[in-house]
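Student: Predicted model, plus sequence, below.
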Amino acid sequence: MDVFSNLATGFSVAVSFQNLAFCLIGCLLGTLIGVLPGIGPIATIAMLLPVTFGLDPLAALIMLAGIYYGAQYGGSTTAILVNLPGETSSVITCLDGYQMAKRGRAGAALTIAALGSFFAGCVGTIAIAMFAPVLAGFAEKFRSPEYFSLMLFGLVAAVVLAHGSVIKAVAMVLLGLLVGLVGTDTQAGVTRFTFGVSELYDGIDFVPLAMGLFGIAEMMTNLDRKFEDRSQTQKIGSLWPTREEVKLAVPAALRGTILGSLLGILPGGGAVLASFSSYTLEKKVSRSRAMFGKGAVEGVAGPEAANNAGAQTSFIPLLTLGIPSTPVMAIMVGAMMIQGIAPGTALITERPTLFWGMIASMWIGNLMLVVINLPLIGLWVSLLRVPYRMLFPCIVILCCVGAYAISSSPFLVMMMAGFAVLGYTFGKLGCEGAPFLLGFVLGPLMEENLRRSMVLSFGSPMIFFERPISLVLLLMSAALVLMIVLPSFRRTREVAFQE
Amino acid sequence: MSQVKHPQDFWSGILFAVVGVLALWLGRNYAFGAMTRMGPGFLPTVLAWGLVGIGAFLVARSFLLRGQPISPSAVRPQLMIVIAIVVFALLIERVGLAPTVVAVGVIASLATSEMRWRETIPLTLFMAALCVLLFIKLLGQTMLPWTWSF
């Protein structure tokens, strides 16, 4: 019953006029940017982060959560209507969603995606409300060795789940960790790799890094290609799914929700893994397997629900342990730090209104998306028709102003340009940005916890194996590594990413 | 000397190794410390050696394993966007937000040959107005809409 009284506290904060308004603005802005082809949620949030700077912490977090859901939702709209995935988790939606659109069922596909996501979002929110306090209580037992092992597990998972070469992903994590160490080493009082630039004493600022590495670099990559003719956006048709479609969609969405909620909690898992596995599951249990890839309703409902449930539950490790499990959560950590909030165990006990208010607003955000976006679909579609040659200068401008707004420093803008070039180069060389970003965020935390563990154990690395929780986490990491080494899993992994 | 068969791996290997060596050299004076008392140089050194190792491995493997070529760059778009961002950094404190936004918008638009002046000019003026309204009026950022200080 505690859960409900807690949620009630949350709702009482979240339904204030101001917070509802920020939730709404967040959803709208998130959809607005997320619907643009070639811009994923990471880039969207990074770009919109500066907009939240002036707000009080709760309002800022509510708005960011709204932006996140909006971006996810916008991504699936683009996937269904123009077959352009804005991010990896909507690649799956493209497969059958676009085929449904081609058959004239775009409206139904959008409705199914929206309602499936909404349902999954509700379940995900309840999951957070129920499990976060339990996990946080458990996490109170965590000391430095446990935190170190947990972060190691997260990084190993990020490597395993990265596409393409595993060895390159490992290198990207190392590189991210190294870049994360730039700045003042607080324990020794020494500045490292700062070249005497005073802006770097506090470490490399997160926002220009993320905007450069994801937002601008993605755009540079897009500009290498010839612009595709997007006038062929599919007609939407009726928004109402037929009775048969509903019959197929409901169980698929249910299965997707359960699968997604579970996978979202895993570090490194999150939304992407959820939608991939849900699609595979639906294909397995479906009676009409031949329909998949040709516009199967289950192929839209399942992955979309899984995607959203996973997106929701990936907040659990962040809010309870303070460990970001996905790049998007890494951005949320950055945002929380800017607001002076330290995510982690203490959040629930010390700032309950903030914690529960945010959870309540997640649910409200999901509801708003359904209520606002389905009627507004025409608006988003017309936005899709704006030619890219007019969109990208606007993105450049917004990123520049955003980077400058952090601390009125032209240096940060320059740094963003540097990271844009770096991100573009990574793309050309087939190196993934996501492991880099996670390494960057975890770098200083890992160093601190490693140091403390070594002080605790008088320099013996055995401490990580002697403490049970830490040992379990290390064994889980080892199991993940074994999975890559084993040839059978390797093959399925390649197949999964090829689709 | 045999041929590089995997250019992507070859060049990422070079990139990782160069960064690693650079980090080792820049961090040569940071105290390494001991296991019980890790110095500021401990983790950077370990990470940098890791990068050098993986870099060398990737370079070596690229002579054996076949892989995709690096897709060609158009150069002009990337160059124009970097210039646009640098121009923003240089102008923002000298001429203020509105003129800077117009300049950045025009330069960024030049990234593609499909750019049309009669679209770009109204668009950048609109963006300038929007940025002033959003960032200065609504969000209360400390920026001047326009100024002149060289």
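Tutor: The structure has been received and is ready for your questions. Numbers count the residues shown, from 1 in each chain, chains lettered A, B, ... in the order given.

Student: Can you tell me the element A:Leu95 falls in?
Tutor: Taking DSSP states H and E as the criterion, A:Leu95 maps to helix A:91-102.

Student: In the following helix or strand past that helix, which residues are buried?
Tutor: Helices and strands here follow DSSP H and E; after helix A:91-102, the next one along the chain is helix A:106-139. Of the residues in helix A:106-139, A:106-129, A:131-133, A:135-136, A:139 count as buried by neighbour count, 16 or more other Cβ atoms under 10 Å in any protein chain shown. Yep, even glycine has a C-beta here, placed from its N, CA and C like the rest.

Student: elements contacting the helix or strand following helix A:106-139?
Tutor: Remark: after helix A:106-139, the chain's next helix or strand is helix A:144-161, criterion DSSP H and E. Other elements packing on helix A:144-161 under the criterion 3 or more Cβ pairs under 8 Å, 6 or more residues apart in numbering or on different chains; DSSP states H and E are helix A:166-180, helix A:315-321, helix A:433-456, helix A:463-466, helix A:468-485.

Student: Among the ones you listed, which comes closest to A:Leu29?
Tutor: In terms of Cβ to Cβ, the element of the helices and strands packed on helix A:144-161 nearest to A:Leu29 is helix A:315-321, at 19.5 Å.

Student: got a list of contacts for the closest one?
Tutor: Outside of helix A:315-321, the residues within contact range by Cβ atoms under 8 Å, 6 or more residues apart in numbering or on different chains are A:127-128, A:131-132, A:135-136, A:139, A:142, A:147, A:150, A:154, A:264-265, A:267, A:323-325, A:329, A:332-333, A:343-345, A:347-348, A:355, A:362.

Student: Report the angle between the next helix or strand along the chain from that helix and helix A:166-180.
Tutor: Moving toward the C-terminus from helix A:315-321, the first helix or strand encountered (DSSP H and E) is helix A:327-338. With axes from the mean of the first three to the mean of the last three Cα atoms, to 10 degrees applied, the angle from helix A:327-338 to helix A:166-180 works out at 10 degrees.

Student: which parts of helix A:327-338 are buried?
Tutor: Under the neighbour-count criterion of 16+ other Cβ under 10 Å, helix A:327-338 has A:327-336, A:338 buried.

Student: quick one: which of these is nearest to A:Arg451?
Tutor: Of all the buried residues of helix A:327-338, the one sitting nearest A:Arg451 is A:Val333; the distance, using Cβ to Cβ, is 20.3 Å.

Student: how much space between that closest one and chain B?
Tutor: With the distance defined as Cβ to the nearest Cβ, to the nearest Å, A:Val333 ends up 20 Å from chain B.

Student: doesn't A:Pro343 make contact with that residue?
Tutor: Yes: at 6.0 Å, A:Val333 and A:Pro343 qualify as touching, with contact defined as Cβ atoms under 8 Å.

Student: What does the pLDDT read for the residue in the stretch 101-250 of chain A positioned nearest to chain B?
Tutor: The minimum distance from the stretch 101-250 of chain A to chain B, using Cβ to the nearest Cβ, falls at A:Leu223 (3.6 Å). As predicted, A:Leu223 sits at a pLDDT of 85.

Student: swap in A:Ala496?
Tutor: For A:Ala496, the pLDDT comes out at 56.

Student: How about the contacts made by A:Val182?
Tutor: When contacts are counted by Cβ under 8 Å, 6+ apart, A:Val182 touches A:192-194, A:200, A:203-204.

Student: So which of those residues reach chain B?
Tutor: Here is what survives when the contacts of A:Val182 are matched to chain B using Cβ under 8 Å from any Cβ of the partner chain: A:192-193.

Student: Would you reformat the contacts of A:Val182 as JSON lines and include distance to A:Val173 and pLDDT?
Tutor: Rendered in JSON lines, the data for the contacts of A:Val182 read as follows (distance: Cβ to Cβ, whole Å; pLDDT from 0 to 100):
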{"residue": "A:Arg192", "distance to A:Val173": "19", "pLDDT": "87"}
{"residue": "A:Phe193", "distance to A:Val173": "18", "pLDDT": "87"}
{"residue": "A:Thr194", "distance to A:Val173": "22", "pLDDT": "82"}
{"residue": "A:Leu200", "distance to A:Val173": "21", "pLDDT": "85"}
{"residue": "A:Gly203", "distance to A:Val173": "18", "pLDDT": "84"}
{"residue": "A:Ile204", "distance to A:Val173": "16", "pLDDT": "88"}
